[in-house]
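*Asks:* no FASTA, just this:
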């Protein structure tokens, strides 16, 4: 190439690069903006035992201010929220319960990786733990406490209320948490069955679930170690579809049943006795009778409580494992309370009547259980003993006026009297029937108290 040609090419190249003079142009590039981190998700279930459906979930910051985040629960109580990564933790989630009460839960930490999912359920136990955390933080606010401190407060509250080795995690973060629904086909989780049992107890005491739990937590109730509560809980699990052969396994998985402890022995015995008792109630019935089943559970629960006062875990276990005692309990309740329920349904079939019948059945079960427990296991398991108990229950527990029973509910059930009066009635009835029975003292807080002032299941 000639010298002239080389200079021409060089000039073209320089022009293309924008160099060599004022006539050149400068090309600049705009940097691509960094996208914001993906929001995190908070998912959970809102329940008071039964799922809270179509309920709004509100989010508050650690300073109490409401954030612009909200979710809505579905029919199973499930909800999901998106939370921007810039959000400061801890957070407080809120939902309104059936009675207008606020139920809260704490979300202590932000997940490490953006776009992650946290689980945070809302229920009366999480409300109890949250209330304790708020109280512990005081005016300084939740942000003044570390995650470890907040967790410790929650765990301590659950231990006071339930005992055993069950953790707050079963109520707050368990991905397998399932809430009961009316007519639902899913079997509720153990934690939700605990909530349902609380609900039934609260209804009988005329309190909200939250108030009921706050009262018992303050007394170191340790309910999972109380035989009466154990019977009720197992009954709730069975009646909600739990398979009898898997009850103990499910309870162990969440720490509710501890082997090699007295409470573990009595709860393990209940997982066998309660399903068998309910099977006896249902035997031969075309449809289930919820009220009658409830009365049987109350009778067994009262007997378990009395036996614990009389002889500890050994006495409770022996009673629950005695086939004859179980059969007597079912026979007595079916032949006495069952007849009252049948007669009452014949004269009234309304929602109000159903509630009154349910209260009547449970209260009658309590009182019949005391009569049964004032006789030793051998006598109660005998044919003659069963006849004696039936006669005393019919005379002292069953209301004479069905209309009054429907109007006044549980208050219409007869009062068997103080322990000494029950023993005297059993012995007198046995003498009349020519049957030998052995009665025993009925120790415990109720031995001198009138029935109307009792708070059962503390």
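*Replies:* Sure, I can see it. Because the structure is predicted, anything quoted here is derived from the model rather than measured.

*Asks:* give the residue spans of the stretch 151-300 of the chain that score low on pLDDT.
*Replies:* The stretch 151-300 of the chain contains residues with pLDDT under 70 at 284, 286-288.

*Asks:* how long is stretch 240-252 from one end to the other?
*Replies:* 18 Å (C-alpha to C-alpha, to the nearest Å).

*Asks:* now do it: everything it contacts.
*Replies:* 180, 185, 187-188, 190, 193, 196, 234, 237-238, 257-259, 267-268, 271-272, 275-276 (C-beta atoms under 8 Å, 6 or more residues apart in numbering). Where C-beta positions appear, they are placed from N, C-alpha and C, glycine not excepted.

*Asks:* show me those residues that map onto helices.
*Replies:* 190, 193, 196, 234, 237-238, 267-268, 271-272, 275-276 (DSSP state H).

*Asks:* neighbour count and distance to residue 381 for those - can I get that in a markdown table?
*Replies:* Listed next are the ones in helices among the contacts of stretch 240-252 as a markdown table, based on neighbours: other C-beta atoms under 10 Å; distance: C-beta to C-beta, whole Å:
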| residue | neighbour count | distance to residue 381 |
| --- | --- | --- |
| 190 | 27 | 31 |
| 193 | 28 | 29 |
| 196 | 23 | 31 |
| 234 | 31 | 21 |
| 237 | 28 | 26 |
| 238 | 22 | 23 |
| 267 | 32 | 22 |
| 268 | 22 | 21 |
| 271 | 24 | 21 |
| 272 | 17 | 16 |
| 275 | 19 | 19 |
| 276 | 15 | 14 |
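
*Asks:* looking at these, which is nearest residue 49?
*Replies:* Taking C-beta to C-beta as the measure, residue 49 sits nearest to residue 196 out of those, at 3.8 Å.

*Asks:* quick one: contacts for the closest one?
*Replies:* Residue 196 neighbours (C-beta under 8 Å, 6+ apart): 49-50, 180, 188, 236, 240.

*Asks:* gap between the closest residue to it other than its chain neighbours and residue 264?
*Replies:* The shortest distance from residue 196 to any non-neighbouring residue, by C-beta to C-beta, 6 or more residues apart in numbering, is to residue 49 (3.8 Å). Applying C-beta to C-beta, to the nearest Å, the value for residue 49 to residue 264 is 24 Å.

*Asks:* residue 382 too?
*Replies:* 30 Å.

*Asks:* give me the more crowded residue out of these two.
*Replies:* residue 264 (22 against 18; other C-beta atoms under 10 Å).

*Asks:* work out for me the element the more buried one sits within.
*Replies:* helix 262-282 (DSSP states H and E).

*Asks:* what bits of the stretch 351-458 of the chain have low per-residue confidence?
*Replies:* 351, 409, 442-458.

*Asks:* quick one: secondary structure of residue 58?
*Replies:* strand (DSSP: H, G, I helix; E, B strand; the rest coil).

*Asks:* thought it was touching residue 103?
*Replies:* No. Applying C-beta atoms under 8 Å as the test, residue 58 and residue 103 come out as separate, 10.9 Å apart.

*Asks:* intersection of neighbour lists for these two?
*Replies:* 94-95.

*Asks:* which one's more surrounded, the two?
*Replies:* residue 103 (27 against 17).

*Asks:* tell me the domain ranges of the protein?
*Replies:* For the chain, the structural domains run 40-172, 226-451, going by automatic domain parsing.

*Asks:* at the geometric centre of this protein, which residue sits there?
*Replies:* residue 195 (1.4 Å; C-alpha atoms, centre = their mean).

*Asks:* ok, that one touching residue 122?
*Replies:* No. Counting by C-beta under 8 Å, residue 195 does not reach residue 122; the two are 11.1 Å apart.

*Asks:* against residue 162, how distant is the closest residue to residue 118 other than its chain neighbours?
*Replies:* Nearest residue to residue 118 in three dimensions, chain neighbours excluded: residue 42, at 5.0 Å (C-beta to C-beta, 6+ apart). Distance of residue 42 to residue 162, given as C-beta to C-beta: 25 Å.

*Asks:* neighbour-wise, which of these two wins?
*Replies:* It is residue 162, of residue 42 and residue 162, that has more neighbours when counted by other C-beta under 10 Å, with 28 against 23.

*Asks:* give me the nearest residue to that one, chain neighbours excluded.
*Replies:* residue 224 (4.6 Å).

*Asks:* was I right about that neighbour contacting residue 165?
*Replies:* No. Residue 224 is beyond contact range of residue 165, at 9.2 Å (criterion: C-beta under 8 Å).
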